[in-house]
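*Asks:* Can you look at this prediction? I've put the sequence above it.
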Amino acid sequence: MRRRSLLLAAVPAGLATLAGCGDGKSDSSKAAPSPSPSASASASAPPPPKIVDGPLPAITAGTKFDEKPTVAKGPGEPSKDLAVKTVIAGSGRTVAENDFIQANYLGQIWSTAKVFDNSYDRKRPLVIQLAQGSIIDGWRYALAGRKTGSRVQIAVPPTWGYGTSGNAQAGIKGTDTLVFVIDLIDSFNSKSSAKGTEVPQTDAALPKVGTNTNGEAPSITIPKTAPPKKLVSAYVLEGDGPELKADQAILCQFKGVVWDSGKPFEQTYGSGRLSQFSLEQMQQVVKGLPQGLAGKKVGSRVMVVVPPDLAYGNNPPTGGPIKKGSTLVFSVDILAAM
């Protein structure tokens with residue numbers, strides 16, 4: 001029997017699924033982020049839309065990239081097609097379908113200019129997969145092919161939004177065309193790696209982790225010494241992003257090996273997957289891992305050595321290389337936080 005993923009939501013990069021990962025604990029009492037499709041809307045995929053230039057309402061304030069915009073009411077009747085405009089052209093990586101995107105956004109209703117959701121006020125960008133079933137089709141078709149660093153404005157008819165049922169919790173009717181302003185901050189796929197500054201690994205009693213940034217699994221070399229009794233967390237590559245908070249979730253690449261044997265027990269590298277989990281949830285699985293990641297900077301590669309009492313202790317998963325009393329070594333590339 002295939003054992004359950006140690007890192008919970010390990011996500012196949014070619015399939016649907018990071019819908020509603022949002023910003024973790026702070027959103028627990030709210031609806032899922034508005035670009036996530038409702039069950040009825042995602043039940044059957046509509047045909048691809050025709051993409052047109054407009055009409056689109058004016059952005060009257062907050063006109064800079066990653067600045068919260070103010071958007072006017074829709075001018076007259078909206079198009080029955082998907083209206084898309086690159087307001088600010090970025091020069092970063094081209095986004096492809098099935099990539100994960102990190103974006104700030106504001107969404108409002110065409111006919112009333114009523115804002116139903118925005119990520120700017122939460123101060124935690126959305127991280128979600130640009131895949132069928134994880135995001136409304138209007139986003140999926142409008143953003144594929146755009147470059148990171150771009151601001152994109154779109155008008156989404158119900159067919160490629162929430163369908164004829166709308167989204168009652170957000171105040172969206174089944175006839176509403178939706179207007180979004182989306183700031184594409186970054187994108188990730190199964191070949192992404194941390195891009196931080198290399199940090200010297202000088203302690204001979206600790207494992208050495210590879211510093212390659214080509215999307216391939218880094219090497220983890222275990223020393224011929226006894227493992228440390230306490231949790232160890234150290235930068236391999238130090239990024240320049242914000243420090244992780246204990247109530248956040250991360251999108252990452254990872255590799256885990258057992259200290260005694262050096263055998264890997266799970267990894268995303270080379271599997272076509274990325275992993276997403278909240279640090280709070282991970283406390284229930286491998287306590288030492290979120291403890292070792294909290295406070296580390298986004299964009300970093302972090303080595304975490306987890307002693308048995310903060311890992312599986314005397315209750316390891318069955319059928320794998322982890323035994324009773326195993327010390328675990330992780331290399332984690334923190335790609336994004338939410």
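*Replies:* Looks like it came in fine. Computed from a predicted structure; not experimentally measured. Numbers count the residues shown, from 1 in each chain.

*Asks:* I'd say D333 and I250 touch.
*Replies:* No. In this structure, D333 sits apart from I250 without contact. The criterion is C-beta atoms under 8 Å, and the distance is 9.7 Å. From N, CA and C alone the C-beta is placed, and that goes for glycine too.

*Asks:* So those two - more neighbours on which side?
*Replies:* Neighbours were counted for D333 and for I250 using other C-beta atoms under 10 Å; D333 has more, 30 against 26.

*Asks:* isn't there a strand covering the more buried one?
*Replies:* Yes. Per DSSP: H, G, I helix; E, B strand; the rest coil, D333 lies within a strand segment.

*Asks:* which residues touch T211?
*Replies:* For T211, the residues meeting the contact criterion (C-beta atoms under 8 Å, 6 or more residues apart in numbering) are 198, 218, 236-237, 301.

*Asks:* 6 Å - rerun?
*Replies:* Each residue near T211 by C-beta atoms under 6 Å, 6 or more residues apart in numbering is listed here: E198.

*Asks:* Can you tell me the SS state at it?
*Replies:* T211 is classified as coil under three-state DSSP.

*Asks:* Please report the distance of it from P228.
*Replies:* T211 sits 22 Å away from P228, taking C-beta to C-beta, to the nearest Å as the criterion.

*Asks:* need the helices for the stretch 151-300 of the chain, in chain order.
*Replies:* Counting by DSSP state H, counting those that start in this stretch, the stretch 151-300 of the chain has these helices, from start to end: 279-282, 288-293.

*Asks:* other SSEs contacting the longest one?
*Replies:* Taking 3 or more C-beta pairs under 6 Å, 6 or more residues apart in numbering; DSSP states H and E as contact, the helices and strands that helix 288-293 lies on are helix 279-282, strand 301-306.

*Asks:* Name the residues that touch the shortest one?
*Replies:* It stands for helix 279-282. Outside helix 279-282, the residues that touch it by C-beta under 6 Å, 6+ apart are 246, 289-290.

*Asks:* and P316, that's in a helix?
*Replies:* No. In this structure, P316 is coil, not part of a helix, as judged by three-state DSSP.

*Asks:* ok, it - contacts?
*Replies:* 322-323.

*Asks:* Phi, psi for it please.
*Replies:* phi -70, psi 160 (degrees, to the nearest 10).

*Asks:* any idea of the pLDDT on it?
*Replies:* pLDDT, the model's per-residue confidence, is 93 for P316.

*Asks:* swap in L8?
*Replies:* For L8, the model assigns a pLDDT of 30.

*Asks:* Ok, A45 next?
*Replies:* 78.

*Asks:* what's around T60, how many residues?
*Replies:* Around T60 there are 10 other residues, counting by other C-beta under 10 Å.

*Asks:* any idea how far T177 is from it?
*Replies:* Distance from T60 to T177, by C-beta to C-beta: 19 Å.

*Asks:* try R93
*Replies:* In this structure, R93 and T177 are separated by 30 Å, where distance is defined by C-beta to C-beta.

*Asks:* In terms of neighbours, single out the busier of those two.
*Replies:* Under the criterion of other C-beta under 10 Å, the comparison of R93 against T177 puts T177 first, with 23 against 16.

*Asks:* hang on, the earlier thing: who wins for neighbours among the contacts of helix 279-282?
*Replies:* Neighbour counts for the contacts of helix 279-282 peak at L289, which has 27 neighbours (criterion: other C-beta under 10 Å).

*Asks:* residues touching that one, list them.
*Replies:* By C-beta under 6 Å, 6+ apart, the neighbours of L289 are 282, 304.
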